[in-house]
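1. Here is my input; please provide its structure:
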Amino acid sequence: MGRFAPLVWFIRPYRGRFFLLIFLIILLALLVPATPLLIQYTIDHHIATGNYQGLTRMVMLMLGLLIVQAFIQFSNTYLSGWLGQHIIRDIRIQLFRHLTHLRLKFYDNTPIGRLVTRNISDIETLADVFTEGLAAISGDMLQIIVILGIMLWTDWRLTLVSLALLPLLLISTYIFKEKSRIPLMKYERP
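-> Here you go, the predicted structure:
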């Protein structure tokens, strides 16, 4: 945890909301793969047999599940944004207090542009990490793990066939990334 230990200190006052956010992320990761499973069950058991009453119940269940997912997604986004803004506010307050207690000689020796850049852009980068990056990345990774687990449980051979193209996808992404770094001057006309 070394690098992020100072940032964890700012989360402590909002511990309850932070754990609620983690719970919402886990709940959302478990609910998202439920829709395809319900569709599979509906096709296999209700549509194939012509059970229209069961089909109606499953459609209502899926609609309810989508509403619950939307509410949880909204709560997740709102809570992560709220936490990010409050944590960034606390960091800015502490930074302002620190800067106002420095000696005047520090301001004589340090360019103002560097101080402004550090206080504005670096704090904004931290705000992006808290509001968008941390919760979104962890939630997406958890969803991928749950979906892969369900795929392996459903049909492990088909899952391995589906994942066989993953190395080619990664290699082509890497090649594209390297080729897109070629300087533009190489293509400019004299």
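2. Please count neighbours and contacts with C-alpha atoms only from this point.
-> Fine.
3. what's the strand or helix carrying L28 packed up against?
-> In this assignment (DSSP states H and E), L28 forms part of helix 15-31. Judged by 3 or more Cα pairs under 8 Å, 6 or more residues apart in numbering; DSSP states H and E, the packing partners of helix 15-31 are helix 52-100, helix 134-154.
4. Check which helices and strands the first one sits against.
-> Think helix 52-100. For helix 52-100, the packing partners by 3+ Cα pairs under 8 Å, 6+ apart are helix 5-11, helix 15-31, helix 34-42, helix 123-128.
5. Tabulate those (a markdown table), appending mean neighbour count.
-> Shown next, in a markdown table, are the helices and strands packed on helix 52-100 (neighbours: other Cα atoms under 10 Å):
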| stretch | mean neighbour count |
| --- | --- |
| helix 5-11 | 12 |
| helix 15-31 | 17 |
| helix 34-42 | 15 |
| helix 123-128 | 16 |
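6. which phi and psi does V32 have?
-> Taking degrees, to the nearest 10, you get phi -60, psi -50 for the backbone angles of V32.
7. what residues are up against it?
-> Applying Cα atoms under 8 Å, 6 or more residues apart in numbering, we find V32 in contact with Q69, Q143.
8. Distance of it relative to G16?
-> V32 sits at a distance of 24 Å from G16 (criterion: Cα to Cα, to the nearest Å).
9. now swap in A135 and tell me
-> With Cα to Cα as the criterion, A135 and G16 are 15 Å apart.
10. same question, V161
-> Per Cα to Cα, V161 is found 43 Å from G16.
11. Quick check: pLDDT value at the spatially most central residue of the chain.
-> Centrality entry for the chain: nearest residue to the mean C-alpha point is A136, 0.9 Å, by Cα atoms, centre = their mean. Looking at A136, its pLDDT reads 75.
12. could you list every residue that touches it?
-> So A136 contacts nothing (Cα under 8 Å, 6+ apart).
13. State the pLDDT value of A5.
-> Turning to A5, the model gives it a pLDDT of 58.
14. okay, now F96: neighbour count?
-> Close neighbours of F96, defined as other Cα atoms under 10 Å, add up to 12.
15. Next, find the distance separating it from H46.
-> From F96 to H46 the distance is 63 Å (Cα to Cα).
16. CA atoms of the helix holding L28 as CSV?
-> Provided in CSV are the C-alpha atoms of helix 15-31 (Å, rounded to 0.1, in the frame of the first residue of the first chain):
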residue,chain,number,x,y,z
ARG,A,15,-15.1,5.4,5.9
GLY,A,16,-18.8,4.4,5.9
ARG,A,17,-19.5,5.9,2.5
PHE,A,18,-16.4,4.4,1.1
PHE,A,19,-17.4,0.9,2.3
LEU,A,20,-20.9,1.5,0.9
LEU,A,21,-19.3,2.3,-2.5
ILE,A,22,-17.3,-0.9,-2.4
PHE,A,23,-20.5,-2.8,-1.6
LEU,A,24,-22.3,-1.2,-4.5
ILE,A,25,-19.3,-2.0,-6.8
ILE,A,26,-19.5,-5.7,-5.8
LEU,A,27,-23.3,-5.8,-6.1
LEU,A,28,-23.2,-4.2,-9.5
ALA,A,29,-20.5,-6.7,-10.7
LEU,A,30,-22.7,-9.5,-9.6
LEU,A,31,-25.9,-8.1,-11.1
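17. Much appreciated, bye for now.
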